[in-house]
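Enquirer: need a 3D model of the sequence below.
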Amino acid sequence: MPIRILPEEVVSQIAAGEVVERPASVVKELVENSIDAGARLIRVETERGGKKRIRVSDDGRGIPSAEVELAFRRHATSKLAMTDDLSRITTLGFRGEALASIAAVSRLTCITRVEEEPVGTRLQLEGGRQVACIEDGRPPGTTIAVEDLFFNVPARRKFLRTERTERGHIDGWLTRYAMAYPEIGFTLLHDGKMVFQSPGNGRLRDVLIEVYGLEVGAAMLAIVPPERPMDVANIQVRGFVSPPSFHRANRGYITLFVNGRWVQDARLTYAVIQAYHTMLPVGRYPLAVVMVRMPPADVDVNVHPTKSEVRFRDGDQVFRAVQRAVRQTLVTQSPIPAVGQTRVGASVEWGAASEQQRGERRQRLAALRPRVTRGEEGEQFHFEFEGHTRGSSGPDEQGIPPLRVVGQIGATYIVAEGPEGMYLIDQHAAHERVLFERLLAERNRATVVSQALLEPEVVELSPQAAALLEEHLDALSRLGFQIEPFGGHTMRVRAMPTIVAQAGVTPLQVLEDVAADIEAHQQPLSGDVEEIVARRVCKQAAIKAGQVLTTVEMQEMLRALELCLNPRTCPHGRPTMIHMSVAQLAREFGRSE
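Expert: Next up, the predicted model:
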């Protein structure tokens with residue numbers, strides 16, 4: 001094909017693809033413009049997850065009537081004029097691409113007015129082409145309505161997710177800006193229903209309570225300046241971090257801002273995680289809202305079209321500033337964890353409590369017993385597990401032989417003897433596998449046992465978590481959860497799977513972690529969602545390392561594991577046991593060559 005200059009319409013749609021990925025991208029760009037315009041109140045309304053309509057209104061400075069048409073041309077901006085300005089950017093927007101890109105793939109209406117003018121201006125565009133420009137009355141500020149997003153790019157429209165998912169992405173962006181700018185009042189409505197509203201009083205903790213709920217928001221620790229002077233005095237770190245007792249299953253709850261801009265930065269995320277070193281369980285991550293202020297000349301924001309990535313002139317100094325500030329906060333402010341019970345052997349009361357816990361564990365460990373049949377060859381043992389029968393003559397390719405309990409090491413590993421030597425079983429991984437296969441087998445037969453709560457419990461989730469759970473209510477129901485939306489980003493929990501209820505896991509903890517796991521698996525299929533949820537549920541319900549088991553409990557554990565279809569690994573792929581053969585033992589003791 002000959003080389004040619006692309007038509008302006010094609011160029012606009014290609015450029016729009018870099019800036020406008022989904023409805024949440026439109027909300028992000030329009031809200032950034034409102035913030036740059038000095039707005040104190042910003043209202044976002046969507047219909048059908050933003051696919052049909054997005055409307056962003058503010059009380060900012062507005063656009064002069066003489067510049068309204070110019071504002072929607074590509075590379076038109078009031079935020080910089082020359083190359084040197086790129087090193088002094090203090091606004092969220094500066095490229096001059098957002099409005100033109102949004103207009104190129106939608107039907108857009110802009111109504112705006114500056115305070116000095118008696119009347120405002122209404123501009124209408126369709127696919128980037130101007131349709132009308134007339135006078136219109138409104139208070140000072142700007143309202144932009146974006147309708148039929150991607151109407152002229154059907155291929156892009158097909159790739160949009162469900163309305164619930166798109167609403168969740170919009171929730172995520174708006175709540176981030178509400179945290180970054182607590183002095184601005186944000187309001188979000190989906191299909192006419194208010195789902196989020198920040199007070200706009202300048203107090204970040206109040207915003208955190210709206211986003212994460214009262215329990216988490218009130219427990220967050222305000223970042224304090226480090227005791228020793230910083231290496232670089234012009235780097236300021238503030239915000240809130242969770243105490244070690246509050247943690248989540250992935251890094252998604254670590255929110256970073258640099259000069260008021262939300263950023264994704266692996267090193268700064270690691271700096272926050274590193275500050276919690278030895279304070280959190282393995283595989284758990286904190287909640288944090290960390291705001292870094294530094295001279296604009298020391299950070300390059302012109303890295304990516306979405307402006308979500310930055311480069312620092314001295315990344316090591318920023319890393320140290322964040323890590324030291326968060327660590328200092330945890331050391332000086334972390335509350336002493338509440339003691340759940342007295343130490344072992346301290347009193348007669350502990351003995352009664354311990355016996356009760358052992359009884360509860362026996363209920364959770366209860367497994368089907370071996371079935372004995374008598375024939376011409378004598379007694380034969382058969383293990384029945386959810387419709388599957390395995391004989392005891394020997395393990396199949398994935399199975400294990402019958403084992404005899406010898407004891408327990410470190411309140412974590414069960415020592416057992418088998419036909420071919422010694423086995424060490426990880427009690428948590430083994431119990432996790434038993435619960436996982438049992439739960440999925442009950443799911444397949446539609447007989448998952450639920451335990452109703454004494455009173456339905458209303459839990460406040462993050463907007464992203466609430467959106468994900470609402471999207472997968474059917475999958476949760478098949479696994480024994482009875483939950484329903486309860487307005488905004490709250491859920492009412494009526495029942496949970498029995499194995500979770502008996503383990504004493506709170507509804508808030510299990511739902512937040514389930515949502516985090518679903519989000520981490522990047523658009524899972526419906527069947528995958530159920531297995532993701534089952535893995536999380538069983539991990540939380542399984543007996544933990546450090547719990548002393550009786551001989552009977554250990555025997556029940558091994559009998560249940562022998563009956564599993566895949567007993568050698570836990571649902572996450574970790575081994576449940578290691579084996580040392582008789583020959584290996586003999587070599588170690590010098591009994592054979």
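
Enquirer: how close does residue 259 sit to residue 307?
Expert: In this view, residue 259 and residue 307 are 11 Å apart by C-beta to C-beta, to the nearest Å. Every C-beta, even on glycine, is put in place using the N, C-alpha and C of the backbone.

Enquirer: which neighbours do those two share?
Expert: By C-beta atoms under 8 Å, 6 or more residues apart in numbering, residue 259 and residue 307 have these common neighbours: residue 301.

Enquirer: and residue 205, how far from residue 519?
Expert: Following C-beta to C-beta, the distance that separates residue 205 from residue 519 is 25 Å.

Enquirer: try residue 151
Expert: Applying C-beta to C-beta, the value for residue 151 to residue 519 is 29 Å.

Enquirer: do you know the pLDDT at the nearest residue to residue 203 once chain neighbours are set aside?
Expert: Excluding its sequence neighbours, the residue lying closest to residue 203 (C-beta to C-beta, 6 or more residues apart in numbering) is residue 182, at 6.0 Å. Note for residue 182: predicted pLDDT of 96.

Enquirer: who's in contact with residue 182?
Expert: Residue 182 makes contacts with 198, 199, 200, 201, 202, 203, 204, 206, 207, as judged by C-beta under 8 Å, 6+ apart.

Enquirer: report the buried members of those residues.
Expert: Buried subset of the contacts of residue 182 (neighbour count, 16 or more other C-beta atoms under 10 Å): 198, 200, 204, 206, 207.

Enquirer: surely the last one meets residue 199?
Expert: Spelled out, that is residue 207. Yes: judged on C-beta atoms under 8 Å, residue 207 makes contact with residue 199 at a distance of 7.3 Å.

Enquirer: the host helix or strand of residue 12: what's the following helix or strand?
Expert: Residue 12 is part of helix 8-19, with elements assigned from DSSP states H and E. Sequence order places helix 23-36 as the next helix or strand after helix 8-19, per DSSP H and E.

Enquirer: what is the rounded mean pLDDT of that next one?
Expert: 94.

Enquirer: show me what it is in contact with.
Expert: Against helix 23-36 from outside (C-beta under 8 Å, 6+ apart): 19-20, 42, 44, 46, 49-51, 54, 56, 58, 60, 79, 91-93, 98-99, 101-102, 106, 142, 144, 146, 149, 160, 166, 169-170, 172-174, 177, 181, 184, 260, 306.

Enquirer: what packs against the next helix or strand after it?
Expert: Using DSSP H and E, the helix or strand that directly follows helix 23-36 along the chain is strand 41-47. Contacts defined by 3 or more C-beta pairs under 8 Å, 6 or more residues apart in numbering; DSSP states H and E place strand 41-47 against helix 23-36, strand 53-58, helix 163-180, strand 185-190.

Enquirer: any chance of JSON lines for the ones you listed, columns distance to residue 421 and mean neighbour count?
Expert: Output for those, formatted as JSON lines (distance: least, C-beta to C-beta, whole Å; neighbours: other C-beta atoms under 10 Å):
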{"stretch": "helix 23-36", "distance to residue 421": "57", "mean neighbour count": "24"}
{"stretch": "strand 53-58", "distance to residue 421": "66", "mean neighbour count": "22"}
{"stretch": "helix 163-180", "distance to residue 421": "51", "mean neighbour count": "23"}
{"stretch": "strand 185-190", "distance to residue 421": "61", "mean neighbour count": "21"}
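
Enquirer: compare the ones you listed and report which one is nearest to residue 475.
Expert: Minimum separation from residue 475 across these (C-beta to C-beta) falls at helix 163-180, 13.0 Å.

Enquirer: relative orientation of that closest one and strand 53-58 in degrees?
Expert: Angle, helix 163-180 to strand 53-58, by axes from the mean of the first three to the mean of the last three C-alpha atoms, to 10 degrees: 10 degrees.

Enquirer: report the distance from helix 163-180 to the chain centre.
Expert: The chain centre lies 12 Å from the centre of helix 163-180; the measure is C-alpha atoms, centre = their mean, to the nearest Å.

Enquirer: just the C-alphas of that helix, formatted as PDB.
Expert: Output in PDB follows, covering the C-alpha atoms of helix 163-180 (Å, rounded to 0.1, in the frame of the first residue of the first chain):
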ATOM      1  CA  GLU A 163     -22.500  -2.800  33.700                       C
ATOM      2  CA  ARG A 164     -21.600  -3.800  37.300                       C
ATOM      3  CA  THR A 165     -18.000  -4.100  36.400                       C
ATOM      4  CA  GLU A 166     -17.900  -0.800  34.700                       C
ATOM      5  CA  ARG A 167     -19.600   0.800  37.600                       C
ATOM      6  CA  GLY A 168     -17.000  -0.700  39.900                       C
ATOM      7  CA  HIS A 169     -14.200   0.900  37.900                       C
ATOM      8  CA  ILE A 170     -15.900   4.300  38.000                       C
ATOM      9  CA  ASP A 171     -16.300   3.900  41.800                       C
ATOM     10  CA  GLY A 172     -12.600   3.200  42.100                       C
ATOM     11  CA  TRP A 173     -11.500   6.300  40.300                       C
ATOM     12  CA  LEU A 174     -13.900   8.700  42.000                       C
ATOM     13  CA  THR A 175     -13.100   7.400  45.500                       C
ATOM     14  CA  ARG A 176      -9.400   7.800  44.800                       C
ATOM     15  CA  TYR A 177      -9.900  11.500  43.900                       C
ATOM     16  CA  ALA A 178     -12.100  11.900  47.000                       C
ATOM     17  CA  MET A 179      -9.200  10.700  49.100                       C
ATOM     18  CA  ALA A 180      -6.700  12.900  47.200                       C
END
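
Enquirer: what helices or strands is that helix leaning on?
Expert: Packing contacts for helix 163-180, counted by 3+ C-beta pairs under 8 Å, 6+ apart, involve helix 23-36, strand 41-47, strand 185-190, strand 193-197, helix 204-212, strand 254-258, strand 261-263, helix 463-471.

Enquirer: for the stretch 51-200 of the chain, just list every one of the strands.
Expert: Shown for the stretch 51-200 of the chain, the strands assigned by DSSP state E, counting those that start in this stretch span residues 53-58, 107-113, 120-126, 129-136, 141-147, 185-190, 193-197.
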